[in-house]
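> could you look at this predicted model? Sequence included:
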Amino acid sequence: MSNLNTPEEANQMPDDEVPAVFELEEVSCRFGEKLALDRVTAKVRAGSITAVCGLSGSGKSTLLNLLGLLRPVFHEGHVRLRLKDGVFCYRNLSTSEQSWLRSHRFGFVLQSSYLMPTLTGQQNVELPLAIHRMNSEDRKFRISRLMKDVSLRHTNGLEDLSQAISMLPGKASGGQRQRMSVLRALIHNPSVVLADEPCANLDPLNRDAVMDLLKSWKSGTLYGDVDTSNSRTLILVSHDTKSIVGYADEIIILHQGRLVEDRVFRRSDLPDAADLAQHDLEKLMIIGAKNAPTIEDAQ
């Protein structure tokens, strides 16, 4: 099995030559009579930050659930995942293979933190390591190293995590719980992180802290050292374009289950790319008028 290019190598390659971590070919998903995804063909480049945008009901969460193997989603077409371990065709995955990918290669950040209420923050963050059968001493060492780096990064008025992480989640603030949820998603250094509305209901300080954690993992600097040995891909799903699009290399825009303009946008494709975060979803949707028959449909 050949490994994917390192992030440094990928950054030096022309965009068209960077390998895809996800390949979707004519993918459709249904829930009963509802067509949630309609013949979507797209690639997510390895090592990219890809934003998935669209209005409510456009298929964003369905796409994330499909890519992350989070729930049974009937699909037509093909989904392929390319990792250092090999190529995985979703149609052929056994239940145990799906479980292994979720726990070893994926990390998930959801809108709600979903921390287990009877475990302390640290025990919640450690869960992926326990699943990997890492011994207690090694888990404590990794947590302490991670918390040291987080404390050094976030000193600009944020509530400190060092005390909250020893408490039950119910005693922590919403921002602290979400940051602990992010740490849990990153602690085992996954290949792909799928984040569904990771900054929803957060104030600007906590929103920036969440995105800083994700970017630090993406760049391989989360633990204070620089690790470029693995390609890391971040997929951000949100209806709030301003909160995530400015971080993205590529943008998938969905409208009524279809891929707008039948392609994945790159920052250079969009007007005023340097100020992309200022573009709201309606403006992005207008760009893809091919799949949005009228401007009103995109609003």
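Arrived safely.

> low-confidence ranges, the stretch 1-150 of the chain, go.
Along the stretch 1-150 of the chain, segments meeting pLDDT under 70 span 1-17, 74.

> so which strand or helix has Asp138?
With secondary structure defined by DSSP states H and E, Asp138 is part of helix 136-153.

> next, the buried residues of that helix.
Across helix 136-153, burial judged by 16 or more other C-beta atoms under 10 Å covers 139, 142-143, 146-147, 149-150, 153. Quick note: C-beta positions are derived from backbone N, CA and C, even for glycine.

> buried ones in the helix or strand just after that helix?
Following helix 136-153 in sequence order, the next helix or strand is helix 161-164 (DSSP H and E). Buried residues in helix 161-164, counted by 16+ other C-beta under 10 Å: 161, 164.

> now stretch 241-258: buried residues?
For stretch 241-258, the neighbour count (16+ other C-beta under 10 Å) marks 241, 243-258 as buried.

> which residue packs closest to Leu202, ignoring adjacent ones?
Gly175 (5.9 Å; C-beta to C-beta, 6 or more residues apart in numbering).

> helix, strand or coil: sort out that neighbour for me.
Under DSSP: H, G, I helix; E, B strand; the rest coil, Gly175 falls in the helix class.

> my read: it touches Asn201, true?
No. Between Gly175 and Asn201 there is no contact under C-beta atoms under 8 Å: 9.3 Å.

> which one's more surrounded, those two?
In this view Gly175 and Asn201 are compared by other C-beta atoms under 10 Å, and Gly175 has more residues nearby, 21 against 12.

> what sits against the more buried one?
Under the criterion of C-beta atoms under 8 Å, 6 or more residues apart in numbering, the neighbours of Gly175 are 158-159, 202-203, 205-206, 209.

> just the element for Lys43, please.
Here Lys43 sits within strand 34-45, counting by DSSP H and E.

> can you name the next helix or strand after that strand?
The C-terminal neighbour of strand 34-45 among helices and strands, as given by DSSP H and E, is strand 49-53.

> give the next helix or strand downstream of that following strand.
Taking DSSP H and E, what comes next after strand 49-53 is helix 60-67.

> can I get that following helix as PDB, trimmed to CA atoms?
Output in PDB follows, covering the C-alpha atoms of helix 60-67 (Å, rounded to 0.1, in the frame of the first residue of the first chain):
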ATOM      1  CA  LYS A  60     -25.000  19.000   4.300                       C
ATOM      2  CA  SER A  61     -25.500  16.700   7.300                       C
ATOM      3  CA  THR A  62     -26.400  13.800   5.100                       C
ATOM      4  CA  LEU A  63     -23.100  14.200   3.300                       C
ATOM      5  CA  LEU A  64     -21.200  14.400   6.600                       C
ATOM      6  CA  ASN A  65     -23.000  11.300   7.900                       C
ATOM      7  CA  LEU A  66     -22.200   9.500   4.700                       C
ATOM      8  CA  LEU A  67     -18.500  10.300   4.700                       C
END
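
> what helices or strands is it leaning on?
If you count contacts as 3 or more C-beta pairs under 8 Å, 6 or more residues apart in numbering; DSSP states H and E, helix 60-67 packs onto strand 20-31, strand 34-45, strand 49-53, strand 75-83, strand 192-196, strand 233-238, strand 250-255.

> do that again at 7 Å, thanks
strand 20-31, strand 34-45, strand 49-53, strand 192-196, strand 233-238 (3 or more C-beta pairs under 7 Å, 6 or more residues apart in numbering; DSSP states H and E).

> what's the closest of those to Ser103?
If you check each of the helices and strands packed on helix 60-67 against Ser103 by C-beta to C-beta, strand 192-196 wins as the nearest, at 12.5 Å.

> now do that closest one against strand 49-53, angle only.
Put simply, strand 192-196 runs at 30 degrees to strand 49-53, going by axes from the mean of the first three to the mean of the last three C-alpha atoms, to 10 degrees.

> give me the angle between strand 192-196 and strand 20-31.
Counting by the same axes, to 10 degrees, strand 192-196 lies at 40 degrees to strand 20-31.

> quick one on the thing from earlier: separation between the residue nearest to Leu202 and Val109?
14 Å (C-beta to C-beta, to the nearest Å).

> try Pro169
For Pro169, the distance to Val109 - C-beta to C-beta - is 15 Å.
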